[in-house]
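> Any chance you could fold what I've pasted below:
(chains A and B)
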Amino acid sequence: MASSASIRPSLGAAFTRLTSSNTTSRRIPLLLLLPIQQTAPLSTTSSLLKRHTYPGARSNKDMSKNRGQSALRRTGLRWRLSMSDEPLPKPKRREELPPIEVDPDHGLWDFFPNRETVAAAPEDDMKHGRAWMVEELRGKSWEDLHKLWWVCVKERNRIATAAWERERGKMGFGKSEAQGRDREVRITMRGIKHVLTERFYAWEDAVKLAENDPEVNLSGKGKAFTPKEYLEEEEGVAVEEVGLKDFRGPVGGEAAEVPSEGKAQGEAARL
Amino acid sequence: MLSIKPLPRITEPVQRWKRFGEKQLFLPNHVVALLRPKPKQSPHLATFAVPLQFNKLDLRDYLHHAYDVETTAIRSFINQPKPERKNKNGPWYRPRAQKMMIAELVKPFVWPEPLKEAEELKQWDHEMFQKLQKERRAQAKKQKNPKKVPLRRALAVPDDQKSLSEQAKELLRQAKAEAKARGEKVKEVEVEKKKETKLDSGDI
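Next comes the predicted model:
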């Protein structure tokens, strides 16, 4: 105890000396403007310096996040900030931006019946003929029918786009005219499916017949069709030929095309 | 002072799809409609009303193959309508939902301005359409709460009633002028006038 008492004044003197040496810096006016650094040579928070490493020790972290920060003492912030005081650029207004040029060949134009008004006027919607009839479609090839199908699909999309525009924009009447147009397109599409289904059935029947026909080779190797001599003595073969001729009559020149179309139709029907 | 680096220029969006579907569809039977974008929507976005069974990849392939429109991404959502009743007190049911998709386009597309002027909308008989809509709305409102009878003053005055009241006023004016000329009978006429107006308003 005595030793501690004797030490105390000397420590006090040491403290005063240390602090007085620091006071000189405070006299400089320029330094006053700058954030003041910590001046005490020894930590005044000695309890925080204690290390508690044993298991179950209390946490030693500084619970005061703002320790040492003071507006009066101009300490500045404790942490480095990730921003600067540079002026940020301002975004331009929508109206000030240059107008966007639309490609005249943009694919989306195909959705519009009319590029200016978007929705077709009822008068224009009425300008249509009748649908394609099944009789007319029977003579068309698969390529033609496929193209016509896509024309119909796009026309229906156009009618639907116009209907949305007319109803959303509250433009007026024209629903029944558009529906009439749509009906004709759908009848055409139905006709296409009808014709393709007919061809598929014809192809199925032809395959059945060919299985029993000695002239047709269905194995896929060699010649598919080897016609026999025109004049045949044997009776049995002659009868078979006559049967085949009878069948071929109504099918006509399409026989060669039938298989490929039938396959395509089969796939389409599955989808 | 630090010098600011110029921001990178916003370049045209690049198509990200690497490959398309392999399943061949020969006769698709779908109806896809292009819808007008919202006022502040980007020109790089296009909204479509698609069938419910469509998915994003379907629309991507559909636009690519049928319309030659390239997309970078597609968003989709379904608008589910509120339940409705059949007739007035019929069973509740939910109308069919509508699937919408928004495609992000490689090439921007700006819609033409919507038609506003009456002259342009004449083709659709816009005036008559609006009149009819208004009447239908009023009728629907009336049917919804039949017990609520509107006040007389809320109703429009019929034309014949208007002309009748005007004629009555004109008569009164003449009578007043005559009375003034005579000088003495003004008061009596005024009383009569008041009575008449009361009757008039009562009739309405």
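
> State which one residue of chain A is found closest to chain B.
Relative to chain B, the nearest point of chain A is A:Gly172 (2.8 Å; Cβ to the nearest Cβ). Yep, even glycine has a C-beta here, placed from its N, CA and C like the rest.

> and that residue, how many neighbours?
23 (other Cβ atoms under 10 Å in any protein chain shown).

> dump the residue contacts of the nearest residue to it once chain neighbours are set aside.
Nearest residue to A:Gly172, sequence neighbours excluded (Cβ to Cβ, 6 or more residues apart in numbering or on different chains): B:Trp124, at 2.8 Å. Residues near B:Trp124 by Cβ atoms under 8 Å, 6 or more residues apart in numbering or on different chains: A:Ala119, A:Ala121, A:Pro122, A:Arg166, A:Met171, A:Gly172, A:Phe173, A:Gly174.

> what's the farthest-apart pair in those residues?
Maximum pairwise distance among these (Cβ to Cβ): 11.3 Å, between A:Ala119 and A:Phe173.

> quick one, which of these two is more surrounded?
Each of A:Ala119 and A:Phe173 has its neighbours counted (other Cβ under 10 Å); A:Ala119 has more, 29 against 15.

> ok, the more buried one touching A:Gly174?
Yes: A:Ala119 lies in contact with A:Gly174 (Cβ atoms under 8 Å); the separation is 7.3 Å.

> how close does the closest residue to chain A within chain B sit to B:Val50?
Residue nearest to chain A within chain B (Cβ to the nearest Cβ): B:Trp124, separated by 2.8 Å. Taking Cβ to Cβ, to the nearest Å as the measure, B:Trp124 falls 26 Å from B:Val50.

> Spell out which residues are contacts of both of A:Ala119 and A:Gly174.
Shared contacts of A:Ala119 and A:Gly174, defined by Cβ under 8 Å, 6+ apart, are found at A:Arg166, B:Trp124.

> so where's chain B shaky on pLDDT?
Residues of chain B meeting the criterion pLDDT under 70: B:1-12, B:184-204.

> same question, the stretch 51-200 of chain A
Along the stretch 51-200 of chain A, segments meeting pLDDT under 70 span A:51.

> Tell me where it has helices.
A:122-125, A:134-138, A:142-168, A:175-211 (DSSP state H, counting those that start in this stretch).

> out of those, nearest to B:Leu35?
Within those, the stretch nearest B:Leu35 is helix A:142-168; the backing value is 5.4 Å (Cβ to Cβ).

> quick check, that closest one touching chain B?
Yes: Helix A:142-168 comes into contact with chain B (Cβ under 8 Å from any Cβ of the partner chain), by way of A:146, A:149-150, A:153-154, A:156-157, A:160-161, A:163-166, A:168.

> and that helix, which residues are buried?
Using 16 or more other Cβ atoms under 10 Å in any protein chain shown as the test for burial, helix A:142-168 gives A:142, A:145-146, A:148-149, A:152-166.

> Summarise which helices and strands it is packed against.
helix A:175-211, helix A:258-270, strand B:33-35 (3 or more Cβ pairs under 8 Å, 6 or more residues apart in numbering or on different chains; DSSP states H and E).

> can I get the CA coordinates of stretch B:94-101 in CSV?
The C-alpha coordinates for stretch B:94-101 follow below in CSV (Å, rounded to 0.1, in the frame of the first residue of the first chain):
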residue,chain,number,x,y,z
ARG,B,94,-65.0,-18.0,-62.4
PRO,B,95,-64.5,-16.8,-66.0
ARG,B,96,-61.6,-18.2,-67.9
ALA,B,97,-58.2,-16.7,-67.1
GLN,B,98,-56.1,-14.9,-69.6
LYS,B,99,-52.4,-15.5,-69.9
MET,B,100,-50.2,-12.5,-70.8
MET,B,101,-46.6,-12.5,-71.8
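
> touching chain A at all, it?
No: using Cβ under 8 Å from any Cβ, stretch B:94-101 stays clear of chain A, coming no nearer than 10.3 Å.

> what's the closest non-adjacent residue to B:Leu34?
A:Phe111 is the one closest to B:Leu34 (Cβ to Cβ, 6+ apart), at 3.9 Å.

> any idea how far A:Asn157 is from the one you found?
In terms of Cβ to Cβ, A:Phe111 sits 6 Å off from A:Asn157.

> residues contacting A:Asn157?
Here A:Asn157 is in contact with A:Asp110, A:Phe111, B:Val31, B:Val32, B:Ala33, B:Leu34 (criterion: Cβ under 8 Å, 6+ apart).

> Now do the SS call for B:Glu166.
helix (DSSP: H, G, I helix; E, B strand; the rest coil).

> my bad, should have said B:Ala49
strand.

> What number of residues are in the vicinity of the nearest residue to B:Ala49 once chain neighbours are set aside?
Using Cβ to Cβ, 6+ apart and skipping the chain neighbours, the partner closest in space to B:Ala49 is B:Ala33 (4.4 Å). The number of residues packed near B:Ala33 is 20, by other Cβ under 10 Å.

> Then A:Glu136?
Count around A:Glu136 with other Cβ under 10 Å applied: 12.

> so what's the residue nearest to B:Ala49 up against?
B:Ala33 touches A:Phe111, A:Asn157, A:Ala160, A:Thr161, A:Ala163, A:Trp164, B:Phe48, B:Ala49, counting by Cβ under 8 Å, 6+ apart.

> thought the last one was touching A:Ala160?
Yes: with contacts defined as Cβ under 8 Å, B:Ala49 counts as touching A:Ala160 at a distance of 7.3 Å.

> shared neighbours of those two, anything?
Counting by Cβ under 8 Å, 6+ apart, the residues touching both B:Ala49 and A:Ala160 are B:Val32, B:Ala33.

> Tell me which of the helices of the stretch 51-200 of chain A lies nearest to B:Glu117.
helix A:142-168 (16.2 Å).

> quick one: the strands in chain B?
B:33-35, B:45-50, B:71-79, B:84-85, B:92-93, B:98-105 (DSSP state E).

> With distance to B:Glu113 added, can I get those strands in JSON lines?
Converted to JSON lines, these look like this (distance: least, Cβ to Cβ, whole Å):
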{"stretch": "strand B:33-35", "distance to B:Glu113": "16"}
{"stretch": "strand B:45-50", "distance to B:Glu113": "17"}
{"stretch": "strand B:71-79", "distance to B:Glu113": "25"}
{"stretch": "strand B:84-85", "distance to B:Glu113": "34"}
{"stretch": "strand B:92-93", "distance to B:Glu113": "39"}
{"stretch": "strand B:98-105", "distance to B:Glu113": "20"}
